[in-house]
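Predicted model and sequence follow; I will ask about them next.
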Amino acid sequence: MTMPFYVSPEQLMKDRADFARKGIARGRSVVVLGYDRGIAFVADNPSRALHKVSEIYDRIAFAAVGKYNEFENLRVAGVRYADLRGYSYDRRDVTARGLANAYAQTLGTVFTQESKPYEVEIVVAQVGETADEDQIYRLTYDGSVADEQGFIAMGGTGEHITTGLKERWRPGMNLGDALALAVELLGQDPSGGPSRALTVNQIEVAVLDRARPRRTFRRLAGPLLDALLSSENPTKDVPADDDAAPGRHDTLTGDTAPSGDSAGGGPPEPDPS
């Protein structure tokens, strides 16, 4: 009679962790950092269809690195969780902390019980009324949750970018300076080689802007992003004249801010990702 193949639990968990980390490290990096009016998301992502950054609810956004099909499933589950909770209770009951806890349970269960862990790392961020109330949660492949302050970088060259952010990021930066810093660090070669000059067509940028009406999520692209990254722009911030009136069409990004709650109490469907 042959003996069954045995692997110690410690070795099994170590192998799964190594597998997940290697898959995440192969992906392009994402940077999340605070600025004076909210939270900015910058991803090294030339695709215009496969988003790494998406809206979840009124003041909550999601960013991820790793395998697209896996973090897309998590994003969709997060939207459903938020919409159901907002409909069943109140919109104010939908929080980044609650969503992060739900994601942690899912990721932890998959890591310990499934044959293959998720090769993903995600961020759930919520913009508050003030910078002190902003929340940024980082979740890893095994369900671990970390409450980050100010900034975070993950995937690819995340450790190198984090070092640069610790040295150069400061609270209260305007949006243009924050985006320029993130783009510069994303383009650097951690091995010391020549840096890449990332163009607006090679990055994905979005913000949670606390100055906007109920839905704070906004994608930045095209001429607006060019202007924010330009060294000739003295203001280095998003024009706010179209943010004051709910329901007005945003001519800069094509977004339309709703004038009231949707029929079910949940938000209109976010941008497809």
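Perfect, thanks for sending it. Numbering: from 1, shown residues only.

what's the burial count for residue 5?
5 (other CB atoms under 10 Å). Where you see a C-beta, it was placed from the backbone N, CA and C, and this is true even at glycine.

any idea how far residue 12 is from it?
Distance from residue 5 to residue 12, counting by CB to CB, to the nearest Å: 12 Å.

Could you pull out the helices in the stretch 51-200 of the chain for me?
Taking DSSP state H, counting those that start in this stretch, the helices of the stretch 51-200 of the chain run over residues 68-88, 96-113, 158-168, 175-187.

ok, how many other residues are close to the closest residue to residue 35 other than its chain neighbours?
The shortest distance from residue 35 to any residue other than its chain neighbours is 4.2 Å, reached at residue 178 (CB to CB, 6 or more residues apart in numbering). Residues lying near residue 178 (other CB under 10 Å) number 27.

cool, residue 185 as well?
23.

Please name the residues that touch it.
31, 153, 160-161, 164-165 (CB atoms under 8 Å, 6 or more residues apart in numbering).

quick one: the residue nearest the centre of the chain and residue 122, what's the gap?
Nearest residue to the geometric centre of the chain (CA atoms, centre = their mean): residue 63, 2.3 Å. Counting by CB to CB, the gap between residue 63 and residue 122 amounts to 7 Å.

Give me the phi and psi angles of the nearest residue to residue 52 once chain neighbours are set aside.
Of all residues not flanking residue 52 in the chain, residue 43 sits nearest, at 4.2 Å (CB to CB, 6+ apart). Per-residue torsions, residue 43: phi -120, psi 140 (degrees, to the nearest 10).

Count the neighbours of residue 43 for me.
26.
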